[in-house]
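> Sequence and computational prediction follow.
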Amino acid sequence: MRVQVAKCELRQLRQNAREGTKLLEDKKVLESRCKELQGTLEVVQNQRNELRHQVRGTWVGLGVSECA
């Protein structure tokens with residue numbers, strides 16, 4: 001009887017260890033994806049700022065003081 005209980009506990013511990021390892025792997029994947037998205041966000045924000053600057057330059061060139 002004690003052998004069965006010990007085997008059951010061992011299986012449970014192994015399953016918990018596998019789940020813990022899987023969670024760590026998932027965390028690493030999510031962290032790398034987050035870094036990629038932050039990089040993409042930075043690129044898009046820079047593009048937006050450049051376009052704003054270009055539009056303002058066009059307004060000045062056309063003599064428009066402000067966009068409607």
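Done, it's in.
> so how many other residues sit close to W59?
Counted with other Cβ atoms under 10 Å, residues neighbouring W59 total 13. C-beta coordinates here come from the backbone N, C-alpha and C atoms, glycine included.
> what's the helix or strand for it?
Element membership for W59, per DSSP states H and E: helix 2-62.
> Now that helix: average pLDDT?
In this model, helix 2-62 carries a mean pLDDT of 93.
> and it, how far out from the chain's middle?
3 Å (Cα atoms, centre = their mean, to the nearest Å).
> Who are the packing partners of it?
Applying 3 or more Cβ pairs under 8 Å, 6 or more residues apart in numbering; DSSP states H and E, one finds that helix 2-62 makes contact with no other helix or strand.
> Give me the residue at the spatial middle of the chain.
Nearest to the geometric centre of the chain sits C34, at 1.8 Å (Cα atoms, centre = their mean).
> Pull the contacting residues for that one.
If you count contacts by Cβ atoms under 8 Å, 6 or more residues apart in numbering, C34 has none.
> what separates it from G61, distance-wise?
C34 sits 41 Å away from G61, going by Cβ to Cβ, to the nearest Å.
> Likewise for V3?
87 Å.
> Please apply the same query to T21.
61 Å.
> Same question for M1.
89 Å.
> and what of K22?
58 Å.
> Could you do R18 as well?
64 Å.
> try K27
Taking Cβ to Cβ, one finds K27 at 51 Å from G61.
> K7 too?
K7 is 81 Å from G61, by Cβ to Cβ.
> L10 now?
The gap separating L10 from G61 is 77 Å, by Cβ to Cβ.
> Over to K28?
The gap separating K28 from G61 is 50 Å, by Cβ to Cβ.
> Over to Q15?
68 Å.
> before we move on, what about S32?
Distance of S32 to G61, given as Cβ to Cβ: 44 Å.
> Over to L23?
57 Å.
> Please apply the same query to T40.
Counting by Cβ to Cβ, the gap from T40 to G61 is 32 Å.
> Who are the contact partners of L23?
L23 makes contact with no residue under the criterion Cβ under 8 Å, 6+ apart.
> Count the neighbours of V3 for me.
Using other Cβ under 10 Å, V3 has 7 neighbouring residues.
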